[in-house]
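K.L.:
Sequence and computational prediction follow.
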Amino acid sequence: MDKKTDYIYFLKENSDLLGELKEHITLTYDLFHPIIIVLNYFVEHNMEIEDLSKKDAEDIFSIGYYYLFNNLDTVKNILANNFAMDIEDLVSFDENLYLILRTDETDSITEEKNPILAKILDQLYLMTERRQKVSPSLMENIENEIEDAIKETEEPFTSDYFTDIAEALDLELI
């Protein structure tokens with residue numbers, strides 16, 4: 001099976017979860033949305049994208065699909081392990097999910113293990129397991145730590161990278 005076909009099946013398999021995340025206007029879905037928009041466009045155009053070679057289009061597609069697959073897998077594991085597959089309950093912990101995904105990606109972007117972010121990630125998983133929601137002040141502190149960790153690199157978050165691609169392709173992100 002090729003990547004495009006695999007991606008289409010992946011979307012179908014995860015349509016309920018993605019639909020709930022979208023319907024509840026979650027921060028987590030906001031991370032996925034620009035990637036889904038771009039990947040769908042690439043599939044619809046059979047990787048024939050103006051100003052991009054087929055190889056570059058396939059590379060971009062792979063980056064986005066890898067990100068979606070891994071991060072949605074994280075969400076599904078949290079859903080199964082902490083929320084007994086209750087999606088409605090899961091979305092009430094959206095800030096926790098969002099910060100878990102963002103913190104984890106920050107370590108990938110900086111290419112080095114940040115001990116502060118590692119502690120934060122452990123704390124977020126534990127809070128989610130104990131069903132403790134992230135407070136607005138803690139969320140702000142974590143976002144500041146993420147910003148501090150990433151400011152030295154010029155590598156964007158995957159969702160930001162795909163937002164730029166969507167804008168360059170004149171795709172509607174709303």
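P.N.:
Everything's here; your move. Numbers count the residues shown, from 1 in each chain.
K.L.:
And the lengthiest helix in the chain, what's buried?
P.N.:
Criterion DSSP state H: the longest helix present in the chain is helix 54-82. Residues of helix 54-82 classed as buried: 57-58, 60-61, 63-65, 67-68, 71-72, 75, 78-79, 82 (neighbour count, 16 or more other Cβ atoms under 10 Å). The way it works is simple: take the backbone N, C-alpha and C, and place the C-beta from them, glycine included.
K.L.:
from these, which is closest to T28?
P.N.:
V75 (6.7 Å; Cβ to Cβ).
K.L.:
so how far is E155 from the closest one?
P.N.:
23 Å (Cβ to Cβ, to the nearest Å).
K.L.:
do the same with F93
P.N.:
For F93, the distance to E155 - Cβ to Cβ - is 28 Å.
K.L.:
When those two are compared, which one has more neighbours?
P.N.:
Counted by other Cβ atoms under 10 Å, F93 and E155 do not tie: F93 has more neighbours, with 22 against 15.
K.L.:
Test my guess that that one contacts R130.
P.N.:
No - with contact defined as Cβ atoms under 8 Å, F93 does not reach R130; the gap is 10.9 Å.
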